[in-house]
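Peer 1: Here is a sequence with its predicted model. Questions after.
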Amino acid sequence: MTDLLDHGTLRLSRGAVGGAVSVWGASLVGLDVGGHHLVEPVAGAARPPLAAGATLVPWPNRVEGATWTNGGVVERLEVSEPATGHALHGLLSGVRWDVARQSATAVSLTSGIRHAPGYPFDLDVEVAYSLTPAGVEVRCTTTNVAPSGRAPVAIGAHPYLRCGETPVEDLVVTIDAGAALALDGDGIPRGAFGTAGTPHDLRDGVVVRDAVPHACLTGLATRGGRARHVLADATGRRTVLWADEVFGYVQLYVTDLMPGRPAAIAIEPMTAPPDALRSGHGLRWIAAGESWTVRWGIEDEERVPAG
């Protein structure tokens with residue numbers, strides 16, 4: 001069975017694969033294969049730092065000025081990024097979720113929104129983590145439980161990736177994206193541009209220390225209905241974050257603020273860009289009684305020997 005510790009961490013195990021999920025934000029706070037870390041192991045923290053591994057719903061990233069217009073009515077969200085006055089990371093990334101089901105290899109957590117300030121809609125959300133032979137698969141299901149009307153929803157996740165013990169700044173990040181958003185100093189989109197010939201072009205891989213520290217990429221290449229984002233070490237071993245093609249955006253965030261680490265990198269799959277409630281881009285309007293499920297995951301890929 002999973003182990004619920006005092007600080008709200010559930011530990012999972014499947015063969016050589018180990019995982020840890022926090023009830024705070026339904027966050028992925030540990031994942032390793034035989035001790036080879038795929039995400040930053042922050043399971044010992046009372047609450048995950050820097051939104052590590054958090055589920056971002058009903059919007060990822062930011063809402064400018066914590067206000068948006070809903071059918072002609074100005075809605076005012078709670079400010080959660082005081083330095084900018086924006087609303088950050090949705091409504092559930094900092095709350096304690098309920099454990100709905102659990103086993104040795106999987107856990108499902110649930111939470112809900114009931115006419116929150118600035119978001120007058122009713123949602124139930126379930127996040128299911130299931131270990132696989134090489135990592136984890138995550139399913140996020142959002143249901144509009146209101147008796148009528150549609151609710152605007154976008155989904156994201158905030159995992160900080162690792163590839164074993166190699167310093168993050170020495171790893172190579174590859175994201176097959178043909179376009180990027182032009183972000184202002186507060187991370188709000190002000191336009192878009194092609195990545196070719198720019199520092200935002202990560203299609204051939206860039207060492208993390210040389211990567212743009214804040215970027216939102218789109219125009220993602222997919223195979224088999226999935227996008228793949230890769231963090232690799234010098235041996236060619238790779239941590240792969242995959243996501244359903246509905247995750248049309250990915251936020252890259254490189255920081256030196258992770259406790260105990262000189263550098264950390266978040267690769268955040270998102271179904272909509274920053275400021276989606278205001279722009280409408282990427283929003284899914286869920287009808288009353290309707291559910292919407294999206295999937296993403298992380299896997300370890302060892303180097304394939306040359307033939």
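Peer 2: Everything's here; your move. If you're wondering where the values come from, they're calculated on a predicted model, not measured in any experiment.

Peer 1: most centrally placed residue in this protein?
Peer 2: In the chain, the residue lying closest to the centroid (C-alpha atoms, centre = their mean) is residue 157, at 1.6 Å.

Peer 1: all strands for the stretch 151-300 of the chain, in order.
Peer 2: Using DSSP state E, counting those that start in this stretch, the strands of the stretch 151-300 of the chain run over 156-158, 160-161, 172-175, 177-183, 189-194, 206-207, 214-220, 226-232, 238-244, 249-255, 264-270, 284-287, 291-301.

Peer 1: helices or strands next to the second one in the packing?
Peer 2: Contacts of strand 160-161 with other secondary structure elements, assessed using 3 or more C-beta pairs under 8 Å, 6 or more residues apart in numbering; DSSP states H and E, are made with strand 264-270. Where C-beta positions appear, they are placed from N, C-alpha and C, glycine not excepted.

Peer 1: Show me the helices in the chain, by range?
Peer 2: With DSSP state H, the ranges of helices along the chain come out as 276-279.

Peer 1: okay, the angle between the lengthiest strand in it and strand 291-301?
Peer 2: Determined from DSSP state E, the single longest strand within the chain is strand 119-132. Interaxial angle, strand 119-132 versus strand 291-301 (axes from the mean of the first three to the mean of the last three C-alpha atoms, to 10 degrees): 40 degrees.

Peer 1: got the buried residues for strand 119-132?
Peer 2: 119, 121-123, 125-131 (16 or more other C-beta atoms under 10 Å).

Peer 1: Dump those residues into CSV; add distance to residue 186 and pLDDT as well.
Peer 2: Putting the buried residues of strand 119-132 into CSV (distance: C-beta to C-beta, whole Å; pLDDT from 0 to 100) gives the following:
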residue, distance to residue 186, pLDDT
119, 21, 99
121, 26, 99
122, 30, 99
123, 27, 99
125, 27, 99
126, 32, 99
127, 28, 99
128, 33, 99
129, 32, 99
130, 36, 99
131, 37, 99
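
Peer 1: JSON lines for the residues you listed, including distance to residue 150?
Peer 2: Converted to JSON lines, the buried residues of strand 119-132 look like this (distance: C-beta to C-beta, whole Å):
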{"residue": "119", "distance to residue 150": "13"}
{"residue": "121", "distance to residue 150": "8"}
{"residue": "122", "distance to residue 150": "12"}
{"residue": "123", "distance to residue 150": "11"}
{"residue": "125", "distance to residue 150": "16"}
{"residue": "126", "distance to residue 150": "20"}
{"residue": "127", "distance to residue 150": "22"}
{"residue": "128", "distance to residue 150": "24"}
{"residue": "129", "distance to residue 150": "28"}
{"residue": "130", "distance to residue 150": "30"}
{"residue": "131", "distance to residue 150": "35"}
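
Peer 1: Residue 115: neighbouring residues, count only.
Peer 2: 10 (other C-beta atoms under 10 Å).

Peer 1: Adding distance to residue 100 and mean pLDDT, write the strands of the stretch 151-300 of the chain out as a markdown table.
Peer 2: Output for those, formatted as a markdown table (distance: least, C-beta to C-beta, whole Å; pLDDT from 0 to 100):
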| stretch | distance to residue 100 | mean pLDDT |
| --- | --- | --- |
| strand 156-158 | 18 | 99 |
| strand 160-161 | 25 | 99 |
| strand 172-175 | 33 | 99 |
| strand 177-183 | 35 | 99 |
| strand 189-194 | 35 | 98 |
| strand 206-207 | 40 | 99 |
| strand 214-220 | 31 | 99 |
| strand 226-232 | 26 | 98 |
| strand 238-244 | 22 | 99 |
| strand 249-255 | 28 | 99 |
| strand 264-270 | 23 | 99 |
| strand 284-287 | 20 | 99 |
| strand 291-301 | 15 | 99 |
